[in-house]
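sequence unavailable; structure follows:
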C-alpha cells in the first residue's frame, strides 16, 4: 500500500489522538485532565507518542497539540482533504496545513435537473472566496487545488432515465458538463470531486461513458475531476465497479475510494479494518503492475469515529470523542485489535456502556506506511 495515495477527512484532523506510555502521576479523575494546545518543537515520533495501546488520559491531554512545522511534507504521495459541513474547524485546519495537501474539497455543491437540458448548481451560497484565497496563499504557489464536492441531489427516476437512457441523454449530459465548467470558471474552482455513483441506482452501469466524457472535457479546460468510488462490500455490483475502474481511471485526476464506514448501528464494529481496506485496493489493482493505475487511487482515511451501545449508536466527531474519554477509568488504556488494526475502548457513561472506535496515531501510521 506504500504506492497508494490518500485522502483524509480534514474536519477532524486536530482530533487525532496522541498518547504516551507513562501512567498518571496522581489519582485525579479523567475529568480533571486539562488539554494542552498548540504547536510543539518535536514531532509525534520524537515525542514517543505513537504507541499501540495509549492511555485515555494522554489522549485528552495531547489531542490538541501538533508539530510546529506545518509546511514540510513527509508523506510524498498526493493527498486530498475533505472539509465537511458538520464541523467548521475543518476550514481552519485546511488553512493551517495547506502546504500538506494537493487537493482540498469543501462539501458545498449539488447539481439538480431543473428541466430538459437545464441543470442548476446549488450550494454556491456556501462558497467562501476569502478562505479559498488564504488556503492558496498559504500553500506553495499552485500546489493546492480547490475542488468542491458535487453531489447528484434528489434526482427523480424520470431525471435519471432522461440523463442515462433516453435518446436525448447525450445532450442532457453535455448540458450538465457545460454548467459545471461554467461554474468552475465563474467561482474560481480548480475542478470538482464528483459524487454520483451511490445516487443513480440501476443506471450506474451506464455512467462510465459519461464519466469518460466529463473527464475529457474538464481536462480540456484545465480543470480536475476526481470521482468518489464505492468500496468492496461483497455486493453483486462490486464486480462491475472493479471492471469499470479500468475504463475510468485514464480519464480522471483520481478516484477517491470510500474505505471507511465499514460498520453501522445495525452491525457495530470497527470503522475501517485494515484487511478490508487492503482488499478494496487489491481488487482495483488486480495484481497488475501499472504505476498509473495505482497512482490514481486515493485511499480513504476516516478522521472521525463511532460510538455504540446495546441500543445502537453512530458516528462521533473529535469533540464528542474527547468528552467520552473523560469517562475512562484511571489508568485505562485503549485496546488494540491486530486483525482490524484499530483501537477501541469500552466506557461506562450515564447513557450506559459504550464501545468507542476512533483513529489513533498508531492506527493511522499502520495505514500509511505498513507494519510499525
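Cool, got the structure. These figures come from a predicted structure and were not determined experimentally.

which parts of the stretch 151-300 of the chain are helices?
Ranges of helices within the stretch 151-300 of the chain are 157-164, 169-187, 207-220, 238-248, 274-285, 291-295, based on DSSP state H, counting those that start in this stretch.

can I get those helices in CSV with mean neighbour count?
For the C-beta atoms, the positions are set from N, CA and C on the backbone; glycine is no exception. Below are the helices of the stretch 151-300 of the chain laid out as CSV (neighbours: other Cβ atoms under 10 Å):
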stretch, mean neighbour count
helix 157-164, 17
helix 169-187, 17
helix 207-220, 17
helix 238-248, 16
helix 274-285, 18
helix 291-295, 13
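
redo these as a markdown table? Include distance to residue 262.
Formatted as a markdown table, the helices of the stretch 151-300 of the chain follow (distance: least, Cβ to Cβ, whole Å):
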| stretch | distance to residue 262 |
| --- | --- |
| helix 157-164 | 28 |
| helix 169-187 | 31 |
| helix 207-220 | 24 |
| helix 238-248 | 14 |
| helix 274-285 | 6 |
| helix 291-295 | 22 |
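
point out where the stretch 251-372 of the chain drops to low pLDDT.
370-372 (pLDDT under 70).

so how many other residues sit close to residue 330?
By other Cβ atoms under 10 Å, 14 other residues sit near residue 330.

wait, I meant residue 311
Neighbours of residue 311 using other Cβ under 10 Å come to 8.

distance of it relative to residue 353?
11 Å (Cβ to Cβ, to the nearest Å).

try residue 261
The value you get for residue 261 to residue 353, if Cβ to Cβ is used, is 23 Å.

among the helices of the stretch 151-300 of the chain, which is nearest residue 51?
helix 274-285 (17.3 Å; Cβ to Cβ).

residue 336 touches residue 362, doesn't it?
Yes: with contact defined as Cβ atoms under 8 Å, residue 336 and residue 362 form a contacting pair (7.4 Å).

one step back: residue 57: which of the helices of the stretch 151-300 of the chain is closest?
helix 274-285 (26.5 Å).

contacts for the closest one, please.
Residues from elsewhere that reach helix 274-285 (Cβ atoms under 8 Å, 6 or more residues apart in numbering): 1, 4, 231-232, 238, 242, 245, 255, 257, 259, 262, 293-294, 297, 299-300, 339-342, 366-367.
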